[in-house]
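Student: What follows is a predicted structure for the sequence shown.
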Amino acid sequence: MTTAVTSTRSVLAQRFKQRLKPLIPAWVLKFHRDRVIRREGSMYEGKPLGEVFTHVYKTGAWGVAEDQSGFYSGSSSHDPKIVEPYVKAVTEYLSALPERPTVVDLGCGDFNVGKRIRSVCGRYMACDVVDAAIQSNRTRFSHLDVDFRCVDITTDPLPPGDIVFLRQVLDHLDNVRIATVLSKLGPYKILILTEYLPLGSSFTPNLDKAIGSHLRLFGEQPSGLVLTAPPFNMKVLSARILCEVPDSGGVIRTIAYELPGR
Ligand SMILES: C[S@@+](CC[C@H](N)C(=O)[O-])C[C@H]1O[C@@H](n2cnc3c(N)ncnc32)[C@H](O)[C@@H]1O
């Protein structure tokens with residue numbers, strides 16, 4: 001009972017904040033983000049990732065669903081200004097392939113984005129570490145013929161497929177866990193990666209951070225993930241930028257990497 005009341009209160013508070021956000025001065029937002037980063041760092045240390053991201057959803061750290069699903073993967077998974085260019089670019093890319101690929105969506109979240117590209121894919125496996133989100137997706141998207149699985153991509157085996165999607169997932173992990181995930185991508189032919197980056201090219205990529213809801217973009221020194229740069233040095237045959245959308249003082253870039261395979 002107490003937990004339900006607390007979580008309803010925090011959801012209402014989050015909804016209030018979401019509405020106020022455009023009116024809040026940048027320095028107040030930065031002060032708040034710095035506090036969240038520090039708090040999450042100590043709160044989540046040593047916890048299983050399922051527990052961490054269940055807490056992120058429960059507390060509405062990425063915002064609150066307008067529907068009753070209880071899961072909201074963030075404004076960049078819902079804002080049409082961000083989602084539509086992504087869906088258009090990825091749809092064009094996948095439609096140009098000789099046949100519909102088998103895809104594996106790692107960290108599928110509330111599936112608001114995945115559902116929009118489902119029709120241009122062959123078999124679709126969608127994984128997330130939050131069991132309740134996967135169960136909710138199974139019910140809400142039962143008509144889409146998607147194989148939803150509860151998987152921790154850092155510790156569990158990954159399903160086989162042609163194309164792997166990682167959309168705004170790795171930035172929520174620390175560098176050790178990211179390296180572990182990258183070491184498991186060998187069987188896929190193509191990685192479609194979407195992450196926030198600071199504007200311009202003068203930033204230091206891949207600065208480490210603690211796991212949690214926040215992004216490298218908002219760290220003390222703004223950073224973002226460039227997987228082909230140190231310390232990851234991911235080997236690729238080619239890289240093609242599919243789309244770039246400015247947001248939150250940075251850019252959300254989607255790149256298709258052709259992987260060398262094992
Ligand atoms: C910001 S959301 C993005 C969701 C979706 N990819 C999208 O673009 O709408 C990040 C998602 O990654 C999931 N995630 C984080 N770490 C994970 C892990 N180790 N294994 C599987 N999913 C993970 C979280 O639970 C969350 O649903």
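Tutor: Yes, it's here.

Student: quick one, strands of the stretch 101-250 of the chain?
Tutor: Counting by DSSP state E, counting those that start in this stretch, one finds strands in the stretch 101-250 of the chain at the ranges 103-106, 124-128, 147-150, 163-167, 190-198, 238-247, 250-258.

Student: so which of those gets nearest residue 205?
Tutor: Minimum separation from residue 205 across the strands of the stretch 101-250 of the chain (CB to CB) falls at strand 190-198, 8.0 Å. Heads up, the C-betas are built off the backbone N, CA and C, glycines and all.

Student: Within the sheet, what are the partner strands of that closest one, with directions?
Tutor: strand 163-167 (parallel), strand 250-258 (antiparallel) (DSSP bridges).

Student: Return the most buried member of those.
Tutor: Across these, the average number of neighbours (mean count of other CB atoms under 10 Å) peaks for strand 163-167, which reaches a mean of 24.

Student: now the strands paired with strand 190-198 in CSV, with distance to the ligand?
Tutor: What follows is those, written out as CSV (distance: least, CB to the nearest ligand atom, whole Å):
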stretch, distance to the ligand
strand 163-167, 4
strand 250-258, 10
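
Student: Any idea which of these gets closest to residue 92?
Tutor: strand 250-258 (11.0 Å).

Student: who's in contact with the closest one?
Tutor: 76, 82, 86, 89-90, 93, 167-168, 189-199, 217, 222, 224, 227-228, 234, 236-246 (CB atoms under 8 Å, 6 or more residues apart in numbering).

Student: Measure how far it is from the centre of its chain, please.
Tutor: Averaging C-alpha positions (CA atoms, centre = their mean, to the nearest Å) puts strand 250-258 12 Å from its chain's average.

Student: Pretty sure residue 138 sits against residue 148.
Tutor: Yes: Residue 138 is in contact with residue 148 according to CB atoms under 8 Å; the separation is 4.9 Å.

Student: Any chance of the backbone angles for the single nearest residue of the stretch 101-250 of the chain relative to the ligand?
Tutor: Closest residue of the stretch 101-250 of the chain to the ligand, CB to the nearest ligand atom: residue 109 (2.5 Å). Torsion angles at residue 109 (phi, psi; degrees, to the nearest 10) stand at phi 60, psi -140.

Student: so it sits right up against residue 134, yeah?
Tutor: No: in this structure, residue 109 is not within contact of residue 134 by CB under 8 Å, at 10.1 Å.

Student: okay, the two: which has more neighbours?
Tutor: residue 109 (24 against 19; other CB atoms under 10 Å).

Student: quick one: the more buried one from residue 137, how far?
Tutor: 9 Å (CB to CB, to the nearest Å).

Student: so what sits against both of the two?
Tutor: residue 128.

Student: Run through the helices of the chain in chain order.
Tutor: Under the criterion DSSP state H, the chain contains helices at 2-20, 26-44, 49-58, 80-95, 114-117, 131-140, 175-182.

Student: who touches both of residue 109 and residue 134?
Tutor: Joint contacts of residue 109 and residue 134 (CB under 8 Å, 6+ apart) are residue 128.
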